[in-house]
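*Asks:* sharing a model prediction with you, sequence too.
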Amino acid sequence: MPVPVRVTFDDEANAAYVYLADEPASGWRHGKTVSLDPIAVGGMVNVDFDTEGRIIGIEVLDARSVLSEKLLTALVSSDQK
């Protein structure tokens, strides 16, 4: 069964997180975080992997500089519901 991608945005921290797996309660365990080169990707992005080496999430710091305003506005609006 496909797992829906979930995206959250913390307006105060200016950080977004893309969940590519269910919460840890479903069985996965965080293994490591790899930071991408901020110059190469134009921002601060971290990729989280589980202990099996699968990508489980992507953290975007300074999100306003690399994500569209339309996406961030939609995320903030959905958080307020």
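*Replies:* Nice, I can see it. Numbers count the residues shown, from 1 in each chain.
*Asks:* please make it C-alpha for all contacts and neighbour counts, starting now.
*Replies:* Will do.
*Asks:* show residues contacting the lowest-mean-pLDDT helix or strand in the chain.
*Replies:* Least confident helix or strand of the chain, by mean pLDDT, DSSP states H and E, is helix 69-79 with a mean of 81. Contact with helix 69-79 is made by 7-11, 64, as judged by CA atoms under 8 Å, 6 or more residues apart in numbering.
*Asks:* list the buried ones in it?
*Replies:* Within helix 69-79, the residues scored as buried using 16 or more other CA atoms under 10 Å are 72, 75.
*Asks:* likewise stretch 18-36?
*Replies:* Neighbour-count burial for stretch 18-36 flags 18-21, 28, 30, 33 (criterion: 16+ other CA under 10 Å).
*Asks:* can you give me the first-to-last residue distance of that stretch?
*Replies:* Using CA to CA, to the nearest Å, one end of stretch 18-36 lies 15 Å from the other.
*Asks:* for the residue lying closest to residue 65 once chain neighbours are set aside, which residues are in contact?
*Replies:* Leaving aside its sequence neighbours, residue 65 sits nearest to residue 43 (CA to CA, 6 or more residues apart in numbering; 7.3 Å). Contacts for residue 43 (CA under 8 Å, 6+ apart) come out as 60-62, 65-66.
*Asks:* greatest separation within those: which pair is it?
*Replies:* 60 and 65 (9.7 Å; CA to CA).
*Asks:* the two: which is more packed in?
*Replies:* With neighbours defined as other CA atoms under 10 Å, residue 60 and residue 65 compare such that residue 60 has more, 21 against 13.
*Asks:* verify the stated contact: that one with residue 45.
*Replies:* Yes - assessed by CA atoms under 8 Å, residue 60 is found in contact with residue 45 at 4.7 Å.
*Asks:* the spatially most central residue of the chain pairs with what?
*Replies:* The C-alpha lying nearest the average C-alpha coordinate of the chain belongs to residue 17 (CA atoms, centre = their mean; 2.2 Å). Beta-bridge pairing for residue 17 (DSSP bridges): residue 8, residue 59.
*Asks:* I figured it hits residue 9, correct?
*Replies:* Yes - the pair residue 17 / residue 9 is scored as a contact, 6.5 Å apart, by CA under 8 Å.
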